[in-house]
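Q: The amino acid sequence is not available; the structure is as follows:
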């Protein structure tokens, strides 16, 4: 990691300038004074804070969560819960449009829209790291900042991977994309892994998969995401039909998906869908990636509270973020398909 001291209030780390405002500099100065009084005046707290900030800006997700669900990052703040709304159409049937253009306003049909509120709980994720000022002094004198960087990096990676698992797979306590309550699970349409289907089974699947979803939504929406087990995805490189080996199964599936559902349709592999992640069951999710269908809230992203020394010998800081479970707004627009076919 390349460090360049640019001026008193900023550092350039790996080509990224880290700036501090007046309040941050005042707080840093307070910690610096305490460290100085403890005999560690050679430790640059501004540089240490810059290193922490740079790590906090890095991402360690193994998959891009935003490819799977929409996340609202500007709503909620530090509230324990936020109130969101579903929009309901309350007016009469479409033929209520039939009215005389010259009729008075009282006789003309009106649009009626209702709002159904629902509560979304926001929870805090918090974790602290600490190290002694002796360790920091050694790091500063040698230029080897592993004691700081590795702890900060390990915490950020732990945060990102936990968030990824909770938002996508879900847990016993939290709903993610793959364990939403109220979602229909179809056990017959994808009766075995796609890679293990015969030519006839494969053609049958392409012929009914999207119509099953359309019927489920009463033809009011079509999907733009199909999330499949990574173990199945890796086997789709095989030819769809060995008699005419022109395209792989994956190519045919992607073409059919886009043809039926639009150019933004995507097939996404996910290890959390693998059978070994779900008690022996392969899980597939087909849904519409849309804020009005399924969403999550993250009003406060990963943040690091400026570090401090409370006793003049140990230095510590706390990182936190705030996030909700995945929220299902339109249950009909999300479907699960499952099978127990394993290799």
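A: Sure, I can see it. Only a predicted model underlies this, so the values are computations on that prediction, with no experimental measurement involved.

Q: switch to C-alpha atoms for all contacts and neighbour counts from now on
A: OK.

Q: Check the secondary structure at the nearest residue to residue 146 once chain neighbours are set aside for me.
A: Once flanking residues are discounted, residue 146 sits nearest to residue 139: 7.4 Å by C-alpha to C-alpha, 6 or more residues apart in numbering. The three-state assignment at residue 139 reads helix, by DSSP: H, G, I helix; E, B strand; the rest coil.

Q: Near residue 139, how many other residues are there?
A: 16 (other C-alpha atoms under 10 Å).

Q: Which residues are in contact with residue 221?
A: 214, 288, 333 (C-alpha atoms under 8 Å, 6 or more residues apart in numbering).

Q: nearest to residue 26, of the residues you listed?
A: residue 288 (48.2 Å; C-alpha to C-alpha).

Q: count of neighbours near that closest one?
A: 24.

Q: can you check residue 122 too?
A: Count around residue 122 with other C-alpha under 10 Å applied: 22.

Q: Now do the contacts for the residue nearest to it when sequence neighbours are not counted.
A: Of all residues not flanking residue 122 in the chain, residue 324 sits nearest, at 4.6 Å (C-alpha to C-alpha, 6+ apart). Residue 324 sits next to 120, 121, 122, 123, 296, 297, 298 when contact means C-alpha under 8 Å, 6+ apart.

Q: Kindly recompute the last result at 6 Å.
A: 121, 122, 296, 297 (C-alpha atoms under 6 Å, 6 or more residues apart in numbering).

Q: Switch those over to a markdown table; also include distance to residue 147.
A: Output for the contacts of residue 324, formatted as a markdown table (distance: C-alpha to C-alpha, whole Å):
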| residue | distance to residue 147 |
| --- | --- |
| 121 | 36 |
| 122 | 33 |
| 296 | 35 |
| 297 | 33 |
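
Q: which of the residues you listed are buried?
A: Using 16 or more other C-alpha atoms under 10 Å as the burial test, these include 121, 122, 296, 297 as buried.

Q: And what about the second one, helix, strand or coil?
A: Under the three-state scheme (three-state DSSP), the conformation of residue 122 reads as strand.

Q: What score does it have for pLDDT?
A: The model reports residue 122 with a pLDDT of 93.

Q: separation between it and residue 80?
A: 5 Å (C-alpha to C-alpha, to the nearest Å).

Q: next one: the first one
A: When distances are taken as C-alpha to C-alpha, residue 121 and residue 80 turn out to be 6 Å apart.

Q: Just the element for residue 286, please.
A: Assigned by DSSP states H and E, residue 286 belongs to strand 282-287.

Q: after that strand comes which helix or strand?
A: As assigned by DSSP H and E, the chain's next helix or strand after strand 282-287 is strand 294-297.

Q: if we can go back for a sec, what separates the strand holding residue 286 from the chain centre, distance-wise?
A: 17 Å (C-alpha atoms, centre = their mean, to the nearest Å).

Q: Summarise which helices and strands that strand is packed against.
A: Judged by 3 or more C-alpha pairs under 6 Å, 6 or more residues apart in numbering; DSSP states H and E, strand 282-287 is in contact with strand 225-229, strand 334-339.
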